[in-house]
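Enquirer: give the three-dimensional model of this entry:
(one chain, ligands or ions: 1)
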Amino acid sequence: MLRYVIVTGRPGVGKTTLVRRVVDKLHEDGYNIVGFFCPEVRRGGRRIGFKIVSLDGKLEAWLAKTENCDGPRVGRYNTCREAEDVARSVLERLDEASLVVIDEIGPMELKLMGVREAILRVLRSEKPGLFVVHERLSDREILPLLQRYGNWYRVTVENRDALVDEVYSRVIALLS
Ligand SMILES: Nc1ncnc2c1ncn2[C@@H]1O[C@H](COP(=O)(O)OP(=O)(O)OP(=O)(O)O)[C@@H](O)[C@H]1O
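Expert: Here you go, the predicted model:
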């Protein structure tokens with residue numbers, strides 16, 4: 001039985017925007033959704049890192065930054081352990097939620113063991129999920145679960161507007 005709707009695609013193509021639009025529609029329907037977004041942070045036009053923000057907007061921390069932080073390095077970013085608390089907070093509200101939204105499951109998020117463990121526990125809970133997945137994800141435990149249980153959509157500039165209704169309908173089908 002498929003239980004995840006997964007969007008993937010090139011960097012900057014519009015994956016987060018698509019998921020936010022779908023989440024807005026689901027909120028209008030009254031669904032209880034937990035999860036997190038990982039928005040980029042720019043200073044003077046230059047990307048200096050990423051935050052992790054709970055879906056309800058109440059919790060926020062650095063996920064990674066170009067300046068020093070206390071987690072493992074990924075490319076030009078240093079990950080930040082404080083992100084683990086935001087990811088773990090999803091687990092506290094998992095039982096009451098009907099859907100988990102994670103933007104995104106990628107190499108940066110998975111370098112932090114607390115974030116990786118939280119994502120694995122979400123996947124093992126068998127809760128329905130709407131996930132953004134990095135197009136080059138290679139995690140040996142997580143990727144097979146996503147491949148086995150996911151409806152995958154590749155977002156392009158051409159299809160990103162039309163996909164809002166399609167992804168929304170697919171999520172509704174999972175929830176009913
Ligand atoms: N449907 C759309 N129409 C017009 N502009 C869009 C659309 N979707 C996204 N954009 C714009 O494209 C940019 C990147 O969008 P977004 O952050 O959603 O992409 P992403 O694929 O999640 O990026 P990343 O890979 O960096 O996480 C943003 O400036 C956003 O406003």
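Enquirer: only C-alpha atoms from now on, for both contacts and neighbour counts.
Expert: Noted.
Enquirer: in the helix or strand containing Val115, what counts as buried?
Expert: Per DSSP states H and E, Val115 falls inside helix 113-125. Neighbour counts over helix 113-125 (16 or more other CA atoms under 10 Å) mark Gly114, Val115, Arg116, Ala118, Ile119, Arg121, Val122, Leu123 as buried.
Enquirer: and whichever helix or strand comes after that helix, average pLDDT?
Expert: Using DSSP H and E, the helix or strand that directly follows helix 113-125 along the chain is strand 129-133. What strand 129-133 shows for mean pLDDT is 98.
Enquirer: for Lys111, see how far away the most far-flung residue of the chain relative to its centre is.
Expert: What lies farthest from the middle of the chain is Gly44; by CA atoms, centre = their mean that is 26.1 Å. Distance of Gly44 to Lys111, given as CA to CA, to the nearest Å: 27 Å.
Enquirer: then Gly49?
Expert: From Gly49 over to Lys111 the distance is 15 Å, taken as CA to CA.
Enquirer: between those two, which one's more packed in?
Expert: More crowded of Gly49 and Lys111, by other CA atoms under 10 Å: Gly49, with 21 against 16.
Enquirer: for the residue nearest to Glu109 when sequence neighbours are not counted, list the residues it contacts.
Expert: In this structure, Glu109 finds its nearest non-sequential neighbour in Val115, 6.2 Å apart by CA to CA, 6 or more residues apart in numbering. Contact analysis of Val115 by CA atoms under 8 Å, 6 or more residues apart in numbering lists Ala83, Glu84, Ala87, Arg88, Glu109.
Enquirer: go ahead and confirm Val171 touches Leu130.
Expert: Yes: counting by CA atoms under 8 Å, Val171 does reach Leu130; the two are 7.3 Å apart.
Enquirer: and stretch 93-103, how far out from the chain middle?
Expert: 11 Å (CA atoms, centre = their mean, to the nearest Å).
Enquirer: quick one: it near the ligand?
Expert: No: for a cut-off given as CA under 6 Å from any ligand atom, stretch 93-103 has no contacts with the ligand; the smallest distance is 8.0 Å.
Enquirer: distance between the ends of that stretch?
Expert: This stretch, stretch 93-103, spans 17 Å end to end (CA to CA).
Enquirer: buried residues, that stretch. List them.
Expert: Leu94, Ala97, Leu99, Val100, Val101, Ile102, Asp103.
Enquirer: before we move on, what about stretch 77-94?
Expert: Neighbour counts over stretch 77-94 (16+ other CA under 10 Å) mark 77-91, 94 as buried.
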